[in-house]
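**Q** Generate coordinates for the sequence data below:
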Amino acid sequence: MEISTAVRCRFLLLPILLAAAITVVAAAPAPTSPFRTVYAFGDSFTDTGNTHSTTGPYSFGYVSHSPYGATFFHRSTNRYSDGRLVVDFLATDALRLPSFIPPYLSTLSASNSSSSVAATNNPGGSVNFAVAGATAIEHEWFVKNNLSFDITPQSIMTELGWFDAHLKARRSGPKDVGEALFWVGEIGANDYAYSFMDAATIPRKLIRTMAVDRVTTFIEGLLKRGAKYVVVQGLPLTGCLTMAMTLAKPDDRDDLGCAGSVNQQSLAHNRLLQASLRRLRRDHPGAIIAYADYYAAHAAVMKSPAQYGFAEPFKACCGSGGGDYNFDVFSTCGSPEVPTACAQPARYVNWDGVHMTEAMYKVVAGMFFQDTAGKYFRPAFGSLLARKGHGN
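**A** Residues are numbered from 1 along each chain as shown. You can find the predicted model right below:
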């Protein structure tokens, strides 16, 4: 059967048109995030460089040394991990910002010439105010109760003061604040840790009540300054951190194999925090206050570590002493006694005994930002982005 010239032309054009269409789809730019600016707060789980070896918590005073940062940055960036944190995945993966969120103290010390470069990489003016070792309760309270053995004097209210100074320097007003995403990383774990030595006279309930009260006051402060989009992280399974398991009594174990009393402490803290957030939502109906359920995400991994690619749920990747936990509080990661880490950090949940590996942070970030059912992030992260996109 003879095919006409017109039909032949159509068949010849079809592959060309298909190729062109595929090229257009491939070249289409990724959707623009509704947030250009992120302000982060918290402790070492969120700190991207405000702390150095000489200013950080006493037991983990080598964050400026190798092997911190070895997996992703190939050098220490003063993050308490082998690589990126949840807040890093928030910035570059979830929000597609052009760079990681710079630590506040580095923005102060930058020279004029480097500041212009930083502004180019950080056009929205995002800043991370989190400090390793920071507490929810003010440092003076710990000094008054002779619990100031740690050398980190900053609290969450210190970070709020830094935020105010930043706004003043940038001449930012409530309208600018209302356009930003506020990421309140987990805060409060250090309050329990610092009061551990005097647990007999300072009840856990008192620490819980004071810590959640301070966090609530802090969030109210953000809202009064014009914040409309706030994410608040709860505490993780602090009883599944290597140091907690090392210090706890051998018979203090829950069904996950972790320090049960410590996990119950974090669970009670999170319940009180969520009750406080519900009140804040009622008092501030125009704001979106989301809860990132670190406890639930961490628990999912600990229940089925192999499902998430982990072979070592308890042992510290960067530690000393071997055994079940490979942790010694007097010879911690980066110290002269511990210059190297395990060969495969991605197979470990715990990095240095208190903080997690980049692999674990990446898993948690995925749970937060890809959750559509509200299991780990409430309301869902996608709905928060959608509401911001629609100006709600």
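**Q** going forward, measure contacts and count neighbours with C-alpha atoms only.
**A** OK.
**Q** Show me the shaky parts of this structure.
**A** 1-31, 54-59, 110-121, 148-151, 197, 199 (pLDDT under 70).
**Q** So which residues of it form strands?
**A** With DSSP state E as the criterion, the chain has strands at 38-41, 127-128, 181-184, 229-233, 288-292, 312-316, 348-350, 377-378.
**Q** Would you format these as a markdown table with mean neighbour count and distance to residue 32 included?
**A** Below are the strands of the chain laid out as a markdown table (neighbours: other Cα atoms under 10 Å; distance: least, Cα to Cα, whole Å):
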| stretch | mean neighbour count | distance to residue 32 |
| --- | --- | --- |
| strand 38-41 | 24 | 15 |
| strand 127-128 | 26 | 20 |
| strand 181-184 | 24 | 15 |
| strand 229-233 | 23 | 17 |
| strand 288-292 | 24 | 20 |
| strand 312-316 | 24 | 37 |
| strand 348-350 | 29 | 32 |
| strand 377-378 | 22 | 21 |
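**Q** Quick one, which of those strands gets closest to residue 62.
**A** Residue 62 sits nearest to strand 312-316 of all those, at 15.6 Å, using Cα to Cα.
**Q** returning to that earlier point: and of the strands of the chain, who's closest to residue 81?
**A** Per Cα to Cα, nearest to residue 81 of the strands of the chain: strand 348-350, 9.1 Å.
**Q** Need the contact partners of the closest one.
**A** For strand 348-350, the external contacting residues (Cα atoms under 8 Å, 6 or more residues apart in numbering) are 241-242, 310-317, 356-357, 359-360.
**Q** Looking at those residues, point me to the pair that's furthest apart.
**A** Those two in those that are separated most widely, counting by Cα to Cα, are 242 and 359, at 16.4 Å.
**Q** which of those two has more neighbours?
**A** Between residue 242 and residue 359, residue 242 has the larger neighbour count (other Cα atoms under 10 Å), namely 29 against 25.
**Q** contacting residues for that one?
**A** Residue 242 neighbours (Cα under 8 Å, 6+ apart): 314-316, 325, 327, 350, 353-354.
**Q** Report the buried residues of stretch 329-340.
**A** 331-335, 338-340 (16 or more other Cα atoms under 10 Å).
**Q** same check, this time on stretch 101-112
**A** Buried, per 16+ other Cα under 10 Å, within stretch 101-112: 101-105, 107.
**Q** Among those, which lie within helices?
**A** Mapping the buried residues of stretch 101-112 onto helices (DSSP state H) picks out 104-105, 107.
**Q** out of these, who's nearest residue 211?
**A** Distances from residue 211 to these, taken by Cα to Cα, are shortest for residue 104, at 23.4 Å.
**Q** pretty sure that closest one is touching residue 127, no?
**A** Yes - Residue 104 lies in contact with residue 127 (Cα atoms under 8 Å); the separation is 5.7 Å.
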